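[1] Only the shape, not the letters, is given here:
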């Protein structure tokens, strides 16, 4: 039994890794321990509401248009889409629409479909993760999360001071590492990610156009196929960006300080330092 217990303790100790950038152990009193599940729950509900708004702006609008098209209801929606289709018959309005398309694709592709979900959904899931942890006695001896501050211009948002990056886990796991990587994608602006998400923005616009009843059926099918292909293209580009950022050693030092993300990167850095140290000692 003692051997089994020791083995289980060893597994737990390996599974729970304290973040290297977390502050020193901060013990909580009984009142704080009793209240913190409710605090994290309230925070999670706030981020859940914000996430719902973000999802409504992207997939939600598209799902609503498809539902209205399939059911043949909601004349207001048909009026709006019909007016857009009618505008395509006027040269001046066509030029204005085509000038707006790249801007809309950037806003919806890079912003609504990628950065904003990454900026809200991980915080919601982290909050609910901390709710669960706050109910477990094994986490009672320390804080569950901490806050760091990103330098101006290095994170999303326009502020006069440094941006507060909260809800970073004190105890890391594979689950929280994954959430923190998405967290970084939402808050630490990456030009490569914005470019990678741009085709999805065009795909979203193509899908919206495909819901217009006034367009020929062939055009609607072609637009739907193009939308799927553009979204798939963005998925491939974002995966390449993800691998380069979190597994290729290209993460900037400032970003590592912000979020303390990748154990793989720390392992590589440690091995590089050991090799350099061994090379220096061999020259002596």
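    Done, it's in. All values derive from a computational prediction rather than experimental measurement. Numbers count the residues shown, from 1 in each chain.
[2] Flag every buried residue along the longest helix seen in the chain.
    In the chain, with assignment by DSSP state H, the single longest helix is helix 217-246. Across helix 217-246, burial judged by 16 or more other Cβ atoms under 10 Å covers 220, 223-224, 226-227, 230-231, 233-234, 237-238, 241-242, 245-246. C-betas here are computed from N, CA, C, even on glycine.
[3] Looking at the residues you listed, which one is closest to residue 61?
    Nearest to residue 61 among the buried residues of helix 217-246, counting by Cβ to Cβ, is residue 227 at 13.4 Å.
[4] Correct me if wrong, but residue 25 is in a helix.
    No: under DSSP: H, G, I helix; E, B strand; the rest coil, residue 25 falls outside any helix and is assigned coil.
[5] show me the contacts for the closest residue to it other than its chain neighbours.
    Using Cβ to Cβ, 6 or more residues apart in numbering and skipping residues adjacent in sequence, the residue nearest residue 25 is residue 142, 5.0 Å away. Contact analysis of residue 142 by Cβ atoms under 8 Å, 6 or more residues apart in numbering lists 25-27, 170-171.
[6] How is residue 142 classified with respect to secondary structure?
    Classification of residue 142 by three-state DSSP places it in coil.
[7] Below-threshold pLDDT in the stretch 151-284 of the chain: ranges please.
    151-162, 249-284 (pLDDT under 70).
[8] Show me where it has its strands.
    Taking DSSP state E, counting those that start in this stretch as the criterion, the stretch 151-284 of the chain contains strands spanning 163-169, 171-172.
[9] Out of the ones you listed, which gets nearest to residue 122?
    Proximity to residue 122 (Cβ to Cβ) singles out strand 163-169 among those, at 8.4 Å.
[10] thinking again about what came up before, any idea which of the buried residues of helix 217-246 is closest to residue 209?
    Of the buried residues of helix 217-246, the one sitting nearest to residue 209 (Cβ to Cβ) turns out to be residue 223, at 5.1 Å.
[11] List the contacts of the residue lying closest to that closest one once chain neighbours are set aside.
    Once flanking residues are discounted, residue 223 sits nearest to residue 210: 3.9 Å by Cβ to Cβ, 6+ apart. Under the criterion of Cβ under 8 Å, 6+ apart, the neighbours of residue 210 are 220-221, 223-224, 227.
[12] Need those in TSV (columns: distance to residue 62).
    Shown next, in TSV, are these (distance: Cβ to Cβ, whole Å):
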residue	distance to residue 62
220	14
221	16
223	12
224	11
227	9
